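A.B. asks: Sequence plus predicted model, see below.
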Amino acid sequence: MDNVLLYLIGFAGTGKLTITNEILEFSPFLLVDNHFINNAVFSLIDTDGNGPLPPSVWENVGKVRSTVFHTIRYLSKPDRNFVLTNELVEGNDGDEQTFEQVRTLATARGAAFLPVRLLISPEELARRVVSPQRQPLLKSRDPDEALRMARKYQVYIPKDADYFELEVTELSPADAAERILSEVHHRFRI
């Protein structure tokens, strides 16, 4: 499997990083978790994962993301596989722009590109988001906010892009990873 770009999108707490870690057990991918990018900024401010962030934080995160994407496009080996993760919400212009940046990156690399919408019940999301493993990674841990997001919004739906949708409420991370990799093999015949 060469030059594949998987893009796991879902609400905070869905299990994007956990599923990706399972994917890494089976296939040669490099992880670019959204917190790999975000925490370059988050680690410099006082954030506990339970409160709002200053709006200017996202401008700085965007600069880090641009640098990472530039590196992937121009400096990474052309046959390298990547899994990117992100919380993207339908109807948010900034999230749509982020998706388009990832799609543009995949196109520029000539990569097989598969966005994966990870869906989960609001109740399971609220249960998962409080996991103590999230705190050291500076991830949001507010169950009320997770419930609010899941009930008010939906995970971003890629426009004009072929994507895979996976309900993970009752799936183990290993089973989710297996289904995603199976979809990659099926779609791209690799």
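C.D. replies: Ah, there it is. Numbering: from 1, shown residues only.
A.B. asks: Report how many residues lie close to residue 95.
C.D. replies: 18 (other CB atoms under 10 Å). To be clear about C-beta, it is placed using only N, CA and C from the backbone, and glycine gets the same treatment.
A.B. asks: Now do whichever strand or helix holds residue 175: everything it contacts.
C.D. replies: Using DSSP states H and E, residue 175 maps to helix 173-188. Contacts to helix 173-188, defined as CB atoms under 8 Å, 6 or more residues apart in numbering, come from residues 1, 4, 6, 8, 15, 18-23, 25-27, 112, 114, 116, 118, 162, 164, 166, 168, 171, 190.
A.B. asks: Of those, which belong to strands?
C.D. replies: The members of the contacts of helix 173-188 that map onto strands under DSSP state E are 4, 6, 8, 112, 114, 116, 118, 164, 166.
A.B. asks: Check those residues and tell me the two furthest apart.
C.D. replies: The span of the ones in strands among the contacts of helix 173-188, defined through CB to CB, is set by 112 and 118 at 19.1 Å.
A.B. asks: how about the longest helix seen in the chain: buried residues?
C.D. replies: Ranked by residue count under DSSP state H, the longest helix found in the chain is helix 56-74. Across helix 56-74, burial judged by 16 or more other CB atoms under 10 Å covers 57, 60, 61, 62, 65, 68, 69, 72.
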